[in-house]
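Trainee: Quick one, structure for this:
(4 chains)
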There are 2 protein chains.
Amino acid sequence: MNDKDSADPLALARDEFVAQWGAMGSAWGINRTMAQIHALLMTSDAPLTTDDVMADLKISRGNAHQNLRELAGWGLVRSVIRKGERKEFFEAEKDVWRMFCIISRERKRREIEPALKALRACEEQTRSLRGDKAAAFNRQIRALSEFVGQADTILDRISRSEGSSLLPLFLKILGKPKN
Amino acid sequence: MNDKDSADPLALARDEFVAQWGAMGSAWGINRTMAQIHALLMTSDAPLTTDDVMADLKISRGNAHQNLRELAGWGLVRSVIRKGERKEFFEAEKDVWRMFCIISRERKRREIEPALKALRACEEQTRSLRGDKAAAFNRQIRALSEFVGQADTILDRISRSEGSSLLPLFLKILGKPKN
DNA sequence: TCATACTTTCAATAAATACTGAAAGTACTG
DNA sequence: CAGTACTTTCAGTATTTATTGAAAGTATGA
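Mentor: Residues are numbered from 1 along each chain as shown, chains lettered A, B, ... in the order given. Take a look at the predicted model:
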């Protein structure tokens, strides 16, 4: 039997998931292929090689390689070496909460922190300017940078926290909406 | 004096902010120009016309028009008509918390909900399949869809909540990290 | 040391996305 | 109704981003 029988409902569902995860990724600024590889590894019972990924997604070696490295750079995927095997295997972090923490930490580090730094510099540069326009501008930038700063801190603390019990806690705090 | 004197520190800071907001937007899957127009309007003391935006960002009419419409579609910008003026003016929502709520709601609606629907369909399609692999796949998809579902609910409740007092509350709950 | 198995790089190319500008459309105004 | 002011559309073009594939690089082991 073919490893990827097109009548196999599991394979079909998995393909669907891979496609969906890819689409979701690209909506959030993540390369589609990278997200697809991630989806593939997340739902694989065993680590895969570059060639497995190439074959499954029908992509080139360079592409598979580059995106696997990038996923490893994020910490979402790690490489596994098997005794007696020369090939490199890759496996994904499967725990959803840990995945979330990794993604939060990395986006924070790569995108939020530099933006926040720039916002704060911008605030500082306009703090002591005279005139209504300058004051209004400074106020707006300050509001933004305070907000981004708080969000950054919250993300940081959530992603450092131990269990995945925070989500239920937040749900409880927020309660049911009135309408 | 030129309206945009390149020695004017306010204008410089604003340009810097526009550029930074544009870069941040594109990292998060938002068209750079759209984010720049948003930044421009957020820090404008008066509503602007399409021509103002074109002039400030040095972009074409079509581009300015299209992105202003899209921002209006998000609800981040609204059009203003002035008595005796035939031109259409645009102003941005300036309240940072409300901005956050709008963005949350829209991204939830446009990206999270469809993904969640697909995840749940995928879970359902594999729920009763036999075999270890199918069971493991189904478990993983279920974990993901539950997580995304909870996040979705939290985002929903936050963005429906009244004040902007939630962030400080969360900060308090999360407390100081141990390390 | 050579042959083999595998990984990495990167210039060329393809695909996706964003932008332009001019023409067509619409709505005021006198 | 004609002229003007403004808005909208969209085919063509430019830019950016992703992908390929082949060549170069590296490690293994006979």
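
Trainee: Check which helix or strand the residue nearest in space to the middle of chain A maps to.
Mentor: Geometric centre of chain A, nearest residue: residue A:103, 3.7 Å, by Cα atoms, centre = their mean. Using DSSP states H and E, residue A:103 sits in helix A:96-107.

Trainee: what's that helix in contact with?
Mentor: Outside of helix A:96-107, the residues within contact range by Cβ atoms under 8 Å, 6 or more residues apart in numbering or on different chains are A:42, A:74-76, A:93, A:155-156, A:158-160, A:163-164, B:143-144, B:146-147. C-beta here means a position set from N, CA and C on the backbone, and glycine is covered the same way.

Trainee: measure the residue nearest to the centre of chain A to residue A:75 for me?
Mentor: Residue A:103 sits at a distance of 9 Å from residue A:75 (criterion: Cβ to Cβ, to the nearest Å).

Trainee: Residue A:110 now?
Mentor: In terms of Cβ to Cβ, residue A:110 sits 12 Å off from residue A:75.

Trainee: So which of those two has more stuff around it?
Mentor: Higher neighbour count among residue A:110 and residue A:75: residue A:75, with 15 against 12, using other Cβ atoms under 10 Å in any protein chain shown.

Trainee: Excluding residues flanking it in the chain, which one is nearest the more buried one?
Mentor: residue A:102 (5.0 Å; Cβ to Cβ, 6 or more residues apart in numbering or on different chains).

Trainee: Which parts of chain A are strands?
Mentor: With strands called from DSSP state E, chain A shows them at A:48-49, A:77-81, A:88-92.

Trainee: Same list, these, but as CSV with distance to residue B:118 and mean neighbour count please.
Mentor: As requested, the strands of chain A are exported to CSV (distance: least, Cβ to Cβ, whole Å; neighbours: other Cβ atoms under 10 Å in any protein chain shown):
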stretch, distance to residue B:118, mean neighbour count
strand A:48-49, 23, 20
strand A:77-81, 23, 15
strand A:88-92, 19, 18
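
Trainee: Tell me which of those lies nearest to DNA strand C.
Mentor: strand A:88-92 (3.1 Å; Cβ to the nearest atom of the strand).

Trainee: How about the closest one and DNA strand C, touching?
Mentor: Yes: for strand A:88-92 and DNA strand C, the contact criterion (Cβ under 7 Å from any atom of the strand) is met by residue A:88.

Trainee: contact partners of that strand?
Mentor: A:38, A:41-42, A:44, A:46-50, A:53, A:68, A:71-72, A:76-82.

Trainee: returning to that earlier point: distance of the residue nearest to the centre of chain A from chain B?
Mentor: 12 Å (Cβ to the nearest Cβ, to the nearest Å).

Trainee: Check residue A:32 too.
Mentor: Distance from residue A:32 to chain B, by Cβ to the nearest Cβ: 11 Å.

Trainee: thinking again about what came up before, what number of residues lie near the residue nearest to residue A:75?
Mentor: 16.

Trainee: pLDDT score assigned to it?
Mentor: Looking at residue A:102, its pLDDT is 96.

Trainee: same thing with residue A:56?
Mentor: 98.

Trainee: Surely it is in contact with residue A:41?
Mentor: No: contact criterion Cβ atoms under 8 Å: residue A:56 and residue A:41 do not qualify, at 10.2 Å.

Trainee: residues shared between the contacts of the two?
Mentor: residue A:48.

Trainee: show me the contacts for the residue nearest to residue A:115 when sequence neighbours are not counted.
Mentor: Excluding the flanking residues, the one nearest residue A:115 by Cβ to Cβ, 6+ apart is residue B:24, at 4.6 Å. Residues counted as contacts of residue B:24 (Cβ under 8 Å, 6+ apart) are A:111, A:115, B:35.

Trainee: ok and the helix holding residue A:103 relative to strand A:88-92, angle-wise?
Mentor: Here the directions of helix A:96-107 and strand A:88-92 differ by 100 degrees (axes from the mean of the first three to the mean of the last three Cα atoms, to 10 degrees).

Trainee: In helix A:96-107, which residues are buried?
Mentor: By neighbour count on 16 or more other Cβ atoms under 10 Å in any protein chain shown, the buried set for helix A:96-107 is A:96, A:97, A:99, A:100, A:101, A:102, A:103, A:104, A:105, A:107.

Trainee: for stretch A:17-27, same thing?
Mentor: A:17, A:18, A:20, A:21, A:22, A:23, A:24, A:25, A:26, A:27.

Trainee: does that stretch come close to DNA strand C?
Mentor: Yes: using Cβ under 7 Å from any atom of the strand, stretch A:17-27 reaches DNA strand C at residue A:26.

Trainee: before we move on, back to that, next one: the helix holding residue A:103 to chain centre, how far?
Mentor: From the chain centre to the centre of helix A:96-107 is a distance of 6 Å (Cα atoms, centre = their mean, to the nearest Å).

Trainee: Could you chop chain A up by domain?
Mentor: Segmentation of chain A into domains, based on automatic domain parsing, reads A:9-92, A:96-174.

Trainee: pLDDT at the residue nearest to residue A:115, what is it?
Mentor: 96.

Trainee: For my notes, please list the buried residues of helix A:96-107 in CSV and give distance to DNA strand C for each entry.
Mentor: What follows is these, written out as CSV (distance: Cβ to the nearest atom of the strand, whole Å):
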residue, distance to DNA strand C
A:96, 26
A:97, 29
A:99, 23
A:100, 24
A:101, 26
A:102, 21
A:103, 20
A:104, 24
A:105, 24
A:107, 19
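
Trainee: so can I have TSV of those showing distance to residue A:125?
Mentor: As requested, the buried residues of helix A:96-107 are exported to TSV (distance: Cβ to Cβ, whole Å):
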residue	distance to residue A:125
A:96	42
A:97	40
A:99	38
A:100	35
A:101	34
A:102	34
A:103	32
A:104	30
A:105	29
A:107	26
